[in-house]
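Novice: Here is a sequence together with a model predicted from it:
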Amino acid sequence: MATTVQTSTRTYTSLRAAWIPMFALCLAFFVEMVDNTLLTIALPTIGRDLGSGTTALQWVTGAYSLTFGGLLLTAGSIADRFGRRRVLLVGLVAFGAISLAVLAVSSTGELIAVRAALGVAAAAMAPITNSLVFRLFSDTALRMRAMTVMIVVGMSGFVLGPVLGGTMLAHVGWEWLLLVNAPIALIAWVGVRVGVQPDHTDDLTDDRLDLPAAVLSILAIGLGCYTLTSGIDHGWVSASTMGAAAGSVLALGLFIWRELRTPQPMLDLRIFADGTVRGAAIAQIATSIAMAGVMFGLILHFQYAYGWSPMKAGLANLPLILTMVLGTPVSEHLVKRFGHRFACVIGAVLLGGSMAGLAWGVGHGYLAIAVFMVTLTIGLRTVMIIGAVALIGAMEENRTSMGAALNDTAQEVGTSVGTAVVGTLIAALVTTSLPAGVWSGDLVESFFHGERIAYAVLAVVVGVIALWGASTLTDSRETDEHQ
């Protein structure tokens, strides 16, 4: 499958030359990622202001992730048909406008509706930002570096959300955590409008939009993510969890049946016969399981077991961000020296080994944790960048947004699984309700024991899945799978 950018589309010869579109696309990606975690720190304040119960507060954050994850494939499909730049501009306008709607919120239900709508707008942005960054450059090394920048920006937004939220709450009301999206979206809109050329018609597909498949994909992914959330909150054999699981499996089965029979599928399932596509998607699931599991566990570890403030707990994650930024030469050297497959195997070993290291390190102080955060991040960025570049590059030229959507969907599924594994094991092994304030020594030790088991389980799960994905990649030493 071809990956060469059409000559009718402008490409850049350096990251510096592309600074306007790169800045705009990174800003768009940052704001949609930071919104995943920004409100987490404000939930107690929101609960007091709006009189919200625990379940309602969970939906304040859950509504965003469910609509976001469920609509990624549909948004990628729409962008490949109607224009990536056009859909991204619409998504930015919607994201900014919906954020302003928080001024009219007077109940938890209204806030949940705003968050769900923001998830819809974010889904129209996420796969397209990655697809457009990939298409700004024809040089494969530049593509890898551009994707590295995007991944670093996105992960920084995810990690910094609680820190930024805690800092803002010290000075302004919680509504500003959403209001700030509007000017950011406006700046990104201007940058995309100025710096990114409209799609050429040759780069788009003229297939009609497969609406039944879109609905089924939304149900399959959305109910699947909800199943994992419900399992933590209500139990794995509860009616809501079992019902959501059954609905997700049914929707997935119907989606596969539909896509195998329609002449113009939204997602041509034959692409998974390509080892590059299949392996990259599987490997991306592993990276997100690891990242979500570590983030979820360490947020509890730093804030509850150590008693650190939200800002200090956020700063404790700096080894993740710094390694993401400074580790570029390592990842590039691994790819050039060993090729995609073996570099990804090395990354998979680092992922599994680091999770096992954290299982030991949680009881041995912050320095031990920080060391394994560094090795984990080297593995993460190596697998994530290889997976993203390979998956998008393996798609036909008029399906790059769908490739990016597959990449993001795999990560969203992995995030749900990682959070569910750690959350379930902590609830089962420690306590279903984590008390505020200073913990007793017995509770801290019990929590460390639960963490050790959770990270040991994740070490096996992540290692096996990542190695499985890596095994089907090519031995190319380029940063693009198909030349």
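Specialist: Cool, the structure landed.

Novice: could you pull out the helices for the stretch 51-200 of the chain?
Specialist: 54-82, 84-100, 108-123, 126-135, 140-169, 176-179, 181-195 (DSSP state H, counting those that start in this stretch).

Novice: Would you mind finding the most buried of those?
Specialist: Of the helices of the stretch 51-200 of the chain, the one with the most neighbours on average (mean count of other CB atoms under 10 Å) is helix 126-135, at a mean of 28. Just so you know, the C-beta spots here come from the backbone N, C-alpha and C atoms, and that holds for glycine as well.

Novice: Send me it as CSV with only the CA atoms.
Specialist: Extracted in CSV, the C-alpha atoms of helix 126-135 (Å, rounded to 0.1, in the frame of the first residue of the first chain):
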residue,chain,number,x,y,z
ALA,A,126,-7.7,13.4,17.8
PRO,A,127,-7.2,11.1,14.7
ILE,A,128,-7.1,14.0,12.4
THR,A,129,-4.3,15.9,14.2
ASN,A,130,-2.1,12.7,14.1
SER,A,131,-3.0,12.1,10.4
LEU,A,132,-2.2,15.7,9.4
VAL,A,133,1.1,15.8,11.2
PHE,A,134,2.1,12.6,9.4
ARG,A,135,1.2,14.2,6.1
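
Novice: okay, the angle between it and helix 181-195?
Specialist: Inter-element angle recorded for helix 126-135 and helix 181-195: 30 degrees (by axes from the mean of the first three to the mean of the last three CA atoms, to 10 degrees).

Novice: What are the boundaries of the strands in the stretch 351-483 of the chain?
Specialist: Assigned strands in the stretch 351-483 of the chain: none (criterion: DSSP state E, counting those that start in this stretch).

Novice: what about the helices of the stretch 51-200 of the chain, which gets the closest to residue 450?
Specialist: helix 54-82 (20.5 Å; CB to CB).

Novice: helices and strands around the closest one, which ones?
Specialist: helix 19-37, helix 43-50, helix 84-100, helix 108-123, helix 126-135, helix 211-234, helix 400-429 (3 or more CB pairs under 8 Å, 6 or more residues apart in numbering; DSSP states H and E).

Novice: average model confidence for that helix?
Specialist: Per-residue pLDDT over helix 54-82 has a mean of 76.

Novice: returning to what we had before: including distance to residue 320, could the helices of the stretch 51-200 of the chain go into JSON lines?
Specialist: Below are the helices of the stretch 51-200 of the chain laid out as JSON lines (distance: least, CB to CB, whole Å):
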{"stretch": "helix 54-82", "distance to residue 320": "20"}
{"stretch": "helix 84-100", "distance to residue 320": "26"}
{"stretch": "helix 108-123", "distance to residue 320": "22"}
{"stretch": "helix 126-135", "distance to residue 320": "20"}
{"stretch": "helix 140-169", "distance to residue 320": "6"}
{"stretch": "helix 176-179", "distance to residue 320": "22"}
{"stretch": "helix 181-195", "distance to residue 320": "23"}
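
Novice: For residue 469, find the nearest of the ones you listed.
Specialist: Among those, helix 140-169 sits nearest to residue 469 (CB to CB), with 16.7 Å.

Novice: so how far is that closest one from its chain's centroid?
Specialist: 11 Å (CA atoms, centre = their mean, to the nearest Å).

Novice: And for stretch 90-98?
Specialist: 20 Å.

Novice: just stretch 307-325 next, same as before
Specialist: Distance of stretch 307-325 from the chain centroid (CA atoms, centre = their mean) equals 18 Å.

Novice: quick one: contacts of that stretch?
Specialist: Stretch 307-325 is contacted from outside by 41, 151-152, 155-156, 159-160, 162-163, 165-167, 295, 298-299, 302-303, 306, 366, 370, 373-374, 376-378, 380-381, 438-439, using CB atoms under 8 Å, 6 or more residues apart in numbering.

Novice: can I get the CA coordinates of it in CSV?
Specialist: In CSV, the C-alpha atoms belonging to stretch 307-325 read as follows (Å, rounded to 0.1, in the frame of the first residue of the first chain):
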residue,chain,number,x,y,z
GLY,A,307,0.0,12.1,51.4
TRP,A,308,1.4,14.4,48.7
SER,A,309,-0.5,17.4,47.3
PRO,A,310,-1.9,17.1,43.8
MET,A,311,0.8,19.5,42.5
LYS,A,312,3.6,17.5,44.2
ALA,A,313,2.1,14.2,42.9
GLY,A,314,1.9,15.6,39.4
LEU,A,315,5.5,16.8,39.6
ALA,A,316,6.5,13.3,40.7
ASN,A,317,5.6,12.2,37.2
LEU,A,318,8.3,14.4,35.6
PRO,A,319,10.5,11.4,34.9
LEU,A,320,7.9,10.2,32.4
ILE,A,321,7.7,13.6,30.6
LEU,A,322,11.5,14.2,30.6
THR,A,323,12.2,10.8,29.3
MET,A,324,9.6,11.2,26.6
VAL,A,325,11.4,14.4,25.5
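
Novice: ok, for residue 84, nearest residue in space, not its chain neighbours?
Specialist: residue 128 (4.8 Å; CB to CB, 6 or more residues apart in numbering).

Novice: ok, the one you found to residue 196 distance?
Specialist: From residue 128 across to residue 196, the span is 10 Å (CB to CB, to the nearest Å).

Novice: With residue 226 instead?
Specialist: Taking CB to CB, one finds residue 226 at 34 Å from residue 196.

Novice: Also residue 271?
Specialist: Residue 271 is 26 Å from residue 196, by CB to CB.

Novice: which one of these two has more residues nearby?
Specialist: Using other CB atoms under 10 Å, the more surrounded residue of residue 271 and residue 196 is residue 196, with 25 against 20.

Novice: which residue packs closest to that one, ignoring adjacent ones?
Specialist: residue 21 (4.7 Å).

Novice: got the contact list for the one you found?
Specialist: Applying CB under 8 Å, 6+ apart to residue 21 gives the contacts 132-133, 136, 191-192, 195-196.

Novice: Appreciated, that's everything.
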